[in-house]
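Trainee: here is a sequence with its predicted model. Questions after.
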Amino acid sequence: MSLDGDLLSALVGLMEEDRETMVPTRLSVLVYLYFTQHATFPVLQKKLGLTSGNLSSHLRKLEELGLIRISKRFVDLKPTTFAVLTKEGAERVRTQMVRMRELVSMVVDKEPQSNE
Amino acid sequence: MSSDEIETDEDMIKQAKQLLLLTDLVDKYPQVVSRRVAGLVYILIGGGISFATLILMSLQNLIGPGDPFLVNIGFVIISLVFSWVIGFRLIVPLTQSYPAEPSRSEGGGLILVLWGVIGVAIVVSSLVLFQMGLHLLFPSILQFIMGFGFTINYLAGRRSSTYDFYSREHLYFSIAIFLSIIPMLIFLEAAYLILIVVDMGGIYIIGIFMLITAERLLLESKRQG
């Protein structure tokens, strides 16, 4: 199998293991929050290039899973939605990314051997 | 393998390496946050103790030198309260999402008990030494207790399997504290001066060093990618 095929099957395997968070949009929300800890709805929408309907449905799902906390606060007299990563969310991101690293490293390391 | 396939594979390797960089950053980030927070905590604790010293000295100027025992106890209590409030109640909770501190099972509980015992040991030893008229020995004993505390911090931190919160700097700092006891015992009159220079200097240096090395960790991670 070619490298892209190997990588794809490794990543698909990982996505099948965790169908709830290994969805590209949810994972990008979680990874963004992992580095910033919290973000407002408009910032997330702008940074990740998502529509408001799409983002709010993913945020709701992540909140149901206990991976983020959503709160509303007034900023400059305007109601603003905040998303905050929970400890469980941070642990889930880290676990999945470490797992992803293992899989990708395995495929990338295997490739030079198969070329030889 | 055709040249098109080789080109596609090279692109995939490039993208896979970018993914590896991201995963590595995610893996290292709690350590980076932990070092940033620890550095900030140390600098603020140093500031808190300096502020406590300033208040006590100003008070002594205003209402006279006072009882040396009460002055020492006041200094220790104000410093501990400042350190506790600033470090562990204001700064550390800001990073609660990251499991950056060792849990109770990994030595975190032991450290809490340790600093409780250290606080009591400082008060009891000062009480005993001042009653026996050996108040000149108090800074050396205080220094020994602090050195012991930092050594246990380091050893308990080693039990933490995942994160390096109480890192090697704590060991170097405790060695410096123990070594400073020698000149403190030789020059008893200058003991407080040596204590302040070594402990305060050490706290500031550890704080700054941790902040610098936090950024270095991120850079190392980027280079690996």
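Mentor: Perfect, thanks for sending it.

Trainee: list the residues that contact A:G89.
Mentor: Contact partners of A:G89, counting by Cβ atoms under 8 Å, 6 or more residues apart in numbering or on different chains, are A:L30, A:L33, A:Y34, A:L62, A:G66, A:L67, A:I68, B:S97. To be clear about C-beta, it is placed using only N, CA and C from the backbone, and glycine gets the same treatment.

Trainee: make sure it is indeed in a helix.
Mentor: Yes: assessed by DSSP: H, G, I helix; E, B strand; the rest coil, A:G89 belongs to a helix.

Trainee: give me the pLDDT value at the closest residue to A:T25 other than its chain neighbours.
Mentor: Closest residue in space to A:T25, ignoring its immediate chain neighbours: A:H58 at 5.2 Å, by Cβ to Cβ, 6 or more residues apart in numbering or on different chains. Looking at A:H58, its pLDDT reads 92.

Trainee: what of the one 5 residues further on?
Mentor: Per-residue confidence (pLDDT) for A:E63: 93.

Trainee: what strand or helix carries it?
Mentor: A:E63 is part of helix A:52-64 when elements are defined by DSSP states H and E.

Trainee: residues making contact with that helix?
Mentor: Contacts of helix A:52-64 (Cβ under 8 Å, 6+ apart): A:20-21, A:23, A:25-26, A:29-30, A:41, A:44-45, A:48, A:50, A:68-70, A:83, A:89.

Trainee: buried residues in it?
Mentor: A:L55, A:S56, A:H58, A:L59, A:K61, A:L62 (16 or more other Cβ atoms under 10 Å in any protein chain shown).

Trainee: please state the offset of it from the chain centre?
Mentor: Centre-to-centre, helix A:52-64 and its host chain are 12 Å apart (Cα atoms, centre = their mean, to the nearest Å).

Trainee: after that helix, heading C-terminal, what element do we hit next?
Mentor: strand A:68-75.

Trainee: quick one: that following strand to helix A:52-64, angle?
Mentor: Here the directions of strand A:68-75 and helix A:52-64 differ by 120 degrees (axes from the mean of the first three to the mean of the last three Cα atoms, to 10 degrees).

Trainee: and strand A:68-75, what's buried?
Mentor: Buried, per 16+ other Cβ under 10 Å, within strand A:68-75: A:I68.

Trainee: what lines up beside that strand in the sheet?
Mentor: strand A:78-85 (antiparallel) (DSSP bridges).

Trainee: CA atoms only: put the partner strand into CSV for me.
Mentor: Output in CSV follows, covering the C-alpha atoms of strand A:78-85 (Å, rounded to 0.1, in the frame of the first residue of the first chain):
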residue,chain,number,x,y,z
LYS,A,78,-23.1,42.5,24.6
PRO,A,79,-24.0,38.9,25.5
THR,A,80,-21.0,36.8,24.5
THR,A,81,-20.7,33.0,24.5
PHE,A,82,-17.5,31.6,26.1
ALA,A,83,-16.2,28.0,25.6
VAL,A,84,-13.7,26.7,28.2
LEU,A,85,-11.8,23.5,28.0
